[in-house]
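*Asks:* Structure of the sequence below:
(one chain, ligands or ions: 2)
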Amino acid sequence: MKAKILITGGTGYIGSHTAVELIQAGYEVEILDNLYNSKREVLGRITGITGVEPKFHEVDLRDLAAVRKVLEGGEFQTVMHFAGLKAVGESVEQPLRYYENNVGGTINLLRAMVETGVKQIVFSSSATVYGEQEVAEYDETMTTGMKLSNPYGRTKYMIEEILKDVATSDPEFRATILRYFNPIGAHPSGLLGEDPNDKPNNLMPIVMKVAAGEIPELSVYGNDYPTEDGTCVRDYIHVVDLAKGHIAAMEKMGGEQIQIYNLGSGRGTSVLEMVRAFSEASGRALPYKIAGRRAGDLPEFYANPGKAERELGWKTELTVADAMNDTLNYLRKSCGVEI
Ligand code: NAD
Ligand code: UD1
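*Replies:* Ligands and ions are numbered 1, 2, ... in the order given. The predicted structure follows:
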């Protein structure tokens, strides 16, 4: 058995897929989550795929004493920190809740790590920290924190800066910051996928609701952008590729105290191309209408994923078509959708 890893937010969408990859790579995994945006049954799904049931702590990161108790005696080598709130619109309406949960929760986690001598953290950041810039391709050398359009993005930026300060205070502390582009797809088993308790905001969860008949049609937010078909272009990354990127990054820790990597494919796909890809995978046209632009959307946004490839030997292997097939499989197998 390799080292023991604590996954905060491990019953959530990306955390659960990463738990599976970690267990399959021979790591021992424990999960901490308050189940705000995920379900306990995910634990059984992880067991169903891997044959291993991870130890689970139903704990809220805002509860410092409870977090400390999990870390004490846990002998964790690394914490993978996924737990957080992620709804952009909600963060505009309830900024203090986002700062309290995401920034406050991370401070508690770091405090407990410092107190218990756990020195390594891999953090779920977002490409949103780059804000609005004059280019479409984003690399890790670019400035962050400028022109961020919402509090959610600012929590990610602030946490990145806090991690740098903690590293300065302790030469043994290591943090790897992973800036995700747009995670999509599901586990190929059909047992894990994105199943938010919350109202969906992102493209794929809405596409899934349209496919399930819960929403009549997708509103495509704007077709008058300066892109090939007029709709916004994003860098969609299969969640299994993303999960594997975490392991590659963790296994390279130990050198520079702060490491930062984009996790994306480097390829842009428009909203209409996404609609087409889903329709092709399902064999049925996905209903959509063209709606007005959504405030804060950038026309085109994709990763330069070269640093992760050079330094971690990691790059995406799965395509948007794979993600659509896996999403459909998940809808059929785990959500009871007949499509
Ligand atoms: P998710 O909501 O599915 O998972 C997050 C998990 O954290 C949930 O299970 C939730 O219950 C838990 N959680 C939230 N606040 C908590 C708290 N105070 N204490 C304990 N648990 C708490 O989200 P996800 O899509 O899996 O995202 C994981 C991380 O990746 C988040 O930090 C998110 O901001 C980041 N991220 C996600 C995306 C994306 O598009 N999904 C993109 C960039 C970054
Ligand atoms: C959004 C957030 C970003 C966050 C990321 C992951 C905004 C402005 N940005 O990114 O900060 O890090 O989610 O949580 O909210 N679309 C439609 N119709 C829909 C939904 C989406 O056309 O009903 C389009 C959007 O205009 C966008 C693309 O689909 O072009 C992807 O949208 P989404 O999944 O929300 O991700 P981002 O906007 O890239």
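*Asks:* and Asp326, how far is that from Asn150?
*Replies:* Between Asp326 and Asn150 the computed distance is 29 Å (Cβ to Cβ, to the nearest Å). C-beta: built from backbone N, CA, C; applies to glycine.
*Asks:* Tell me which of those two has more neighbours.
*Replies:* Counted by other Cβ atoms under 10 Å, Asp326 and Asn150 do not tie: Asp326 has more neighbours, with 24 against 18.
*Asks:* Count the neighbours of the closest residue to Glu172 other than its chain neighbours for me.
*Replies:* Spatial nearest neighbour of Glu172, excluding adjacent residues (Cβ to Cβ, 6 or more residues apart in numbering): Lys119 at 5.0 Å. Using other Cβ under 10 Å as the criterion, Lys119 is surrounded by 19 other residues.
*Asks:* Give me the distance between Thr190 and ligand 1.
*Replies:* Slight slip there: residue 190 is Gly, not Thr. Applying Cβ to the nearest ligand atom, to the nearest Å, the value for Gly190 to ligand 1 is 17 Å.
*Asks:* How about Glu115?
*Replies:* Glu115 is 18 Å from ligand 1, by Cβ to the nearest ligand atom.
*Asks:* which residues does that residue contact?
*Replies:* Arg68, Leu71 (Cβ atoms under 8 Å, 6 or more residues apart in numbering).
*Asks:* hang on, the earlier thing: need the contact list for the residue nearest to Glu172.
*Replies:* If you count contacts by Cβ under 8 Å, 6+ apart, Lys119 has them with Met113, Asp170, Glu172, Phe173, Arg174.
*Asks:* top of those by neighbour count?
*Replies:* Met113 (24 neighbours).
*Asks:* My guess is that one contacts Gln77. True?
*Replies:* No: using Cβ atoms under 8 Å, Met113 is not in contact with Gln77; the gap is 11.5 Å.
*Asks:* what's the burial count for the residue in the stretch 201-339 of the chain positioned nearest to ligand 1?
*Replies:* Residue of the stretch 201-339 of the chain nearest ligand 1, by Cβ to the nearest ligand atom: Asn202 (5.7 Å). Using other Cβ under 10 Å, Asn202 has 16 other residues around it.
*Asks:* Distance-wise, check the residue nearest to it when sequence neighbours are not counted relative to ligand 1.
*Replies:* The shortest distance from Asn202 to any non-neighbouring residue, by Cβ to Cβ, 6+ apart, is to Asn182 (7.6 Å). Going from Asn182 to ligand 1 by Cβ to the nearest ligand atom gives 6 Å.
*Asks:* List the residues that contact Asn182.
*Replies:* Taking Cβ under 8 Å, 6+ apart, we find Asn182 in contact with Asn202, Leu203, Arg234, Asp235, Tyr236, Ile237, Gly264.
*Asks:* would CSV of those with secondary structure be doable?
*Replies:* Listed next are those as CSV, based on DSSP: H, G, I helix; E, B strand; the rest coil:
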residue, secondary structure
Asn202, coil
Leu203, helix
Arg234, strand
Asp235, coil
Tyr236, strand
Ile237, strand
Gly264, coil
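*Asks:* now that we have the residues you listed, which one has the most neighbours?
*Replies:* Going by other Cβ under 10 Å, Gly264 tops the contacts of Asn182 with 30 neighbours.
*Asks:* and that residue, what are its phi and psi?
*Replies:* Note on Gly264: its backbone torsions stand at phi -160, psi 180 [degrees, to the nearest 10].
*Asks:* pretty sure it is touching Asp235, no?
*Replies:* Yes: contact status for Gly264 versus Asp235: in contact at 4.2 Å, counting by Cβ under 8 Å.
*Asks:* anything in contact with each of these two?
*Replies:* Shared contacts of Gly264 and Asp235, defined by Cβ under 8 Å, 6+ apart, comprise Ala127, Phe181, Asn182, Tyr302, Ala303.
*Asks:* give the contact list for the last one.
*Replies:* This points to Ala303. Shown in contact with Ala303 (Cβ under 8 Å, 6+ apart): Ala127, Glu137, Tyr138, Asp139, Arg179, Phe181, Asp235, Asn262, Leu263, Gly264, Ser265, Gly266.
*Asks:* picking that back up, among the contacts of Lys119, which ones are in helices?
*Replies:* Judged by DSSP state H, helices contain the following of these: Met113.
*Asks:* Which parts of the stretch 151-300 of the chain are strands?
*Replies:* Ranges of strands within the stretch 151-300 of the chain are 174-180, 182-184, 218-221, 233-234, 236-238, 258-263, 269-270, 288-291, 300-303, based on DSSP state E, counting those that start in this stretch.
*Asks:* circling back to that earlier point, can you tell me which of the contacts of Ala303 is nearest Lys252?
*Replies:* For the contacts of Ala303, the minimum distance to Lys252 (Cβ to Cβ) is 13.4 Å, reached by Leu263.
*Asks:* Asn329 versus the residue nearest to that closest one when sequence neighbours are not counted, what's the distance?
*Replies:* With Cβ to Cβ, 6+ apart as the criterion, Leu263 has its nearest non-adjacent residue at 4.5 Å, and that residue is Gly245. Here the criterion is Cβ to Cβ. By it, Gly245 lies 22 Å from Asn329.
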